[in-house]
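Q: Test case, fold it:
(chains A and B, ligands or ions: 2)
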Amino acid sequence: MLAEGALAAGCRFFAGYPITPASEVYEVMMRELPARGGLALSAPDEISSLCYCVGASLRGLKAMTATSGPGWALMIETVQYALMTETPVVVALVQRLGPSTGGATQGAQGDVWLAEFSTSGGYTLPVFSPSNAAECFELALHAFNWSERLRTPVVLLSDKEVGMTSEVVDDDALQLPSLVNRSGVTGAADYAPYALDEPDGVPAFAAVGGEVKVTATGSAHDRRGRLRKNSPEVIEVLLHLQHKIEAHAEEMALVRPDLDSGARCLLISYGVTARAARQAVSKLRSEGSRISFLQIQSLFPIPRRWLDQATASVEAVFIAEENLTGQYRAALASSLSGKRTYGINKIGGLISPQEITRAVREVMA
Amino acid sequence: MTVETPYLSADAQLPYCRGCGHALVVRHLSRALEHLGLSPRSVVLTTDIGCVGLADSLFPYLHTVHTTHGRSTAFATGIALAEASLEPTGLKPIVMIGDGGAMIGLLHLVHAAQLNVDITVLVHNNFLFGMTGGQHSALSPLNWITATTPDGNWTPPLDLLALLRTAHAGFLARQFATSQELATTLAEAIDFPGFSVVEIVELCTAYGTRWNQASGASLQEIVQRQGYALGKMESEMERPTFRELYRHEPESRRPRDSRPAVPRVNAKADLAGEVRLVVAGTAGERVQSAAGLFCRAALAAGLYSTQKNDNPVTQGSGFSLAEICLSPSPIEYTGLESPDVVLVVSEDGWKELQANGTLAACRKETLLLVDSQIGVTPPAGRLLQLPLRREANPKRAALAAIAAWLEKNPLLPSEAWEAVLAAEPAERRAESAAALEIGRRLALSCADL
Ligand SMILES: Cc1ncc(C[n+]2csc(CCOP(=O)(O)OP(=O)(O)O)c2C)c(N)n1
Ligand code: SF4
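A: Residues are numbered from 1 along each chain as shown, chains lettered A, B, ... in the order given. Ligands and ions are numbered 1, 2, ... in the order given. Model prediction:
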């Protein structure tokens, strides 16, 4: 479904390297992209995969690659290059159990930090996390849209359980955004590839090979892409890389809220664990508990307004995720200050609804 | 020095040390482009990291992409691949990379050569890492003194062109930066319609000539000692290019939805709550495809289903299992927890369910339908053994097991099975129908089921 979503989003270039549990995306793209006039290719490693995608995007094509934790580790230098050069590209990161080779066929939600905190300087990388097949499709569209609109790399953070479970999808029920394409340069005169009219604006895109000269660079640069040291303009350009994301944070927010205005506690989850959490919430409510639930699909930028709303009346916040130390919980810390927070964590298997209800009952009893 | 061309900027202040070979290369490159008469907008200069990477700012009219260390070839390949999928515009990616970059990004060179994408790579071989302070590289000659080999380099240098020849590079040449023929060689390489590489042998005056007795004449000697030929090398010039090789699918091949469509039947399934079951057997014995067929039949009859497969790391041997969840309403949590039904058709499957804790998680209500040939220690639950493998044959045993269970728990209408069987490829249909039939028969003969 993730691959189908990418195709529907207008992806026209894919380069991949086999790795469970992302190989299915790779295989679908290898089969389907050529039939739709695009190009799909086997790369000799993950560094090449992403470099090819970024090159193709510079040439003007919507591009994506798919990998898992070990491959993502190899891509991080190139992700930063895409960020710095403001080149749209989507990476589907289908998580498996780590660290290292880990458990290739076991699920996990252990790459949240690795995905988000992979840039030197701490820039916000948009990260979307689907919990089922339908969301894979929907979020693939959102990922491409935001990548194009903000000229930035975007991560689609799926996992083995979501990516490799067969389930039915009702096409008519999908909630699909209309497609966005990067806004192209108008008028060739005086084009500055990294121009910023507003600090949070996005410069118009010119494709390599077109009439307008492109100057792309991963080195610290001014508006024209010229290498500069100690220039205030360089810092402005760097700040704008972050501002353009933050300025759209609320617009990017995607959540599935199930809030109760009289709730004493809030349960937050994402990805595959959100499914168990939803079930746990029904169970707890059937026992008379007042509990709110927030499934977050756009992990980053953090949907703060939604968090404020969801936490307004509650004393305690539970965050359920399939990793060791509560990676997303740590990322949310500053947005949840003043609340008691509890992690529901596990590795090596799905967190079950019972494990969640038990943890909530223990605290809220 | 100033050069009047639309390529190298007239007032270019070359950023290199005095006497650096890189300066000669940019002038020759400018001349080569001039000679070819290429429109500046049909060239994209993709520069690596290192002193060599400073060249992009010298060519104000070309598209320039200044990349990361060693990866310039891969970015240029990406551009060329995209170009090959579009209407040709004549775009020429040219890579400028050092000997350091060539080694850290070696696989990009190898793959670009194999693909025969239309890019030209200029490897500036000055025998060391210039920008970082003169450290030795994989292309340093023997005994070469560098910051990291103060007593002389003792690892034999890599013959990059020989290596790329084995990767089927279409155009290979080597020249001194000082050669009067360099511009001509570069023009020829750029004009070549596939992958071309030119190794330019030159000196770094900041480190190379400071620590080594090296001059133009000794360069000749080094190259000779290493057995390097100069000029164009023999190569597979006639190979088809990537654009010619890459097959866009023929018209007949229509895009296909990777998702199998689900037939719907009017008759509805009879299921009040959730059922979680696991089918376990041996890889290659159609366990997971039987489960898939079952799920589609359930969907056809209006149920929701999820299916999760598991295998050992190697795909073709050992166990194979599928966990299925069926429900009249959408399914959130997909874990098995304690299964309602366990169908086991081979020893491999049984062992895996023992190992992964599924058997231990059975309750006394769990129904276990197990092939008669499997020696079992009874777990909690209701255990029944049927001669599935013997009667149905190993490849049909899983589907027969499903049918046997369904015979006594008729939650799916027969229309649902008919609909999914009709959607099966013809050669499968008869097999599946036979398996279902055998399963039903076995169930009828088993009074306890
Ligand atoms: C991943 C990475 N590792 C190391 C460096 C540091 N670095 C910058 S330039 C360079 C070597 C350049 O040598 P070469 O490619 O031979 O080019 P030259 O400077 O000689 O022109 C290195 C290692 C880097 N930029 N990136
Ligand atoms: S350090 Fe060496 S390679 Fe770099 S510019 Fe100076 S002479 Fe050239």
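
Q: switch to C-alpha atoms for all contacts and neighbour counts from now on
A: OK.

Q: May I see the buried residues of the longest helix seen in chain B?
A: If you go by DSSP state H, chain B has its longest helix at helix B:426-444. Neighbour counts using 16 or more other Cα atoms under 10 Å in any protein chain shown place B:429, B:431-433, B:435-443 of helix B:426-444 among the buried residues.

Q: and if you look at stretch B:373-387?
A: Neighbour count says stretch B:373-387 has B:374, B:379-387 buried, by 16+ other Cα under 10 Å.

Q: Now for these: which two are most distant?
A: The span of those, defined through Cα to Cα, is set by B:Ala380 and B:Pro387 at 21.4 Å.

Q: Can you show me the strands along the stretch 251-400 of chain B?
A: Listed in chain order, the strands of the stretch 251-400 of chain B (DSSP state E, counting those that start in this stretch) span B:275-282, B:304-310, B:319-327, B:341-344, B:367-371, B:382-386.

Q: out of these, which comes closest to ligand 1?
A: Judged by Cα to the nearest ligand atom, the one of those that comes nearest to ligand 1 is strand B:304-310, at 38.0 Å.

Q: From the chain's centroid, how far away is the closest one?
A: Put simply, strand B:304-310 sits 27 Å off its chain's centre (Cα atoms, centre = their mean, to the nearest Å).

Q: Show me what that strand is packed against.
A: When contacts are defined as 3 or more Cα pairs under 8 Å, 6 or more residues apart in numbering or on different chains; DSSP states H and E, strand B:304-310 sits against strand A:165-167, helix B:287-300, strand B:319-327.

Q: mind running it again at 6 Å?
A: Helices and strands touching strand B:304-310, by 3 or more Cα pairs under 6 Å, 6 or more residues apart in numbering or on different chains; DSSP states H and E, are strand A:165-167, strand B:319-327.

Q: so what strands line up beside that strand?
A: Applying DSSP bridges, strand B:304-310 is found paired with strand A:165-167 (antiparallel), strand B:319-327 (antiparallel).

Q: Turn those into JSON lines, columns for distance to B:Asn212, mean pLDDT and mean neighbour count.
A: As requested, the strands paired with strand B:304-310 are arranged in JSON lines below (distance: least, Cα to Cα, whole Å; pLDDT from 0 to 100; neighbours: other Cα atoms under 10 Å in any protein chain shown):
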{"stretch": "strand A:165-167", "distance to B:Asn212": "63", "mean pLDDT": "89", "mean neighbour count": "20"}
{"stretch": "strand B:319-327", "distance to B:Asn212": "64", "mean pLDDT": "96", "mean neighbour count": "24"}
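
Q: Now distance to ligand 1 too, for these, in a markdown table please.
A: Converted to a markdown table, the strands paired with strand B:304-310 look like this (distance: least, Cα to the nearest ligand atom, whole Å):
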| stretch | distance to ligand 1 |
| --- | --- |
| strand A:165-167 | 37 |
| strand B:319-327 | 42 |
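
Q: could you dump these to TSV with distance to B:Arg363?
A: TSV is the format used below for the strands paired with strand B:304-310 (distance: least, Cα to Cα, whole Å):
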stretch	distance to B:Arg363
strand A:165-167	25
strand B:319-327	17
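
Q: looking at those strands, which is closest to ligand 2?
A: The nearest among the strands paired with strand B:304-310, by Cα to the nearest ligand atom, is strand A:165-167 at 54.0 Å.
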